[in-house]
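J.: Model the following, please.
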Amino acid sequence: MKLKIKTQKFVDWYLNSGSDQEQEQIRQELGNLVTCSLLLNERFTIAPRDLLDNVNTDTIPMHLVEGFKDTDKNVEIGDLNLSNYEIQLI
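T.: Sure, this is the predicted structure:
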């Protein structure tokens, strides 16, 4: 099953969800990634897919998925017990 999520909604959720401490940790990890990449490669690039690849996708809220915008904000993809799904950023 393909679950389609708008890229901007995913990035907003990724950077702004969780507690203040979790948000700070995410920003520090990104900062460390940028710093290391610049020191080693003298350049840095990242795509939303790179962020998605480092997330437990079961924790993504279902209301971000196309066609599920009215779903309770506390329902996560993992709550649906889907055996096989793929997330497509659009």
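J.: okay, CA-based contacts and neighbour counts for the rest of this
T.: Noted.
J.: Pull the residues that contact the host helix or strand of residue 39.
T.: Following DSSP states H and E, one finds residue 39 within helix 20-41. Residues from elsewhere that reach helix 20-41 (C-alpha atoms under 8 Å, 6 or more residues apart in numbering): 15-17, 43-44.
J.: buried stuff in that helix?
T.: Neighbour-count burial for helix 20-41 flags 26, 34 (criterion: 16 or more other C-alpha atoms under 10 Å).
J.: Rounded mean pLDDT for it, please.
T.: Confidence for helix 20-41, expressed as mean pLDDT, is 91.
J.: roughly how far out does that helix sit from the chain middle?
T.: 15 Å (C-alpha atoms, centre = their mean, to the nearest Å).
J.: Pull out the buried residues from the one helix or strand residue 52 maps to.
T.: For residue 52, the host element (DSSP H and E) is helix 48-53. By neighbour count with 16+ other C-alpha under 10 Å, helix 48-53 contains the buried residues residue 52.
J.: go on, stretch 50-67?
T.: 52, 60-65.
J.: which is the next helix or strand following the helix holding residue 52?
T.: strand 86-89.
J.: Against residue 80, how distant is residue 32?
T.: Note on residue 32: its distance to residue 80, by C-alpha to C-alpha, to the nearest Å, is 34 Å.
J.: I meant residue 90, not that one.
T.: When residue 90 is compared with residue 80 (using C-alpha to C-alpha), they lie 22 Å apart.
J.: if we can go back for a sec, could you let me know which of the buried residues of stretch 50-67 ends up closest to residue 3?
T.: Using C-alpha to C-alpha, the shortest approach to residue 3 within the buried residues of stretch 50-67 belongs to residue 65, at 6.1 Å.
J.: if I pick the closest residue to the closest one other than its chain neighbours, what's in contact with it?
T.: Distances taken as C-alpha to C-alpha, 6 or more residues apart in numbering put residue 5 closest to residue 65, at 4.8 Å, once the chain neighbours are dropped. By C-alpha under 8 Å, 6+ apart, the residues touching residue 5 are 64-66, 87-90.
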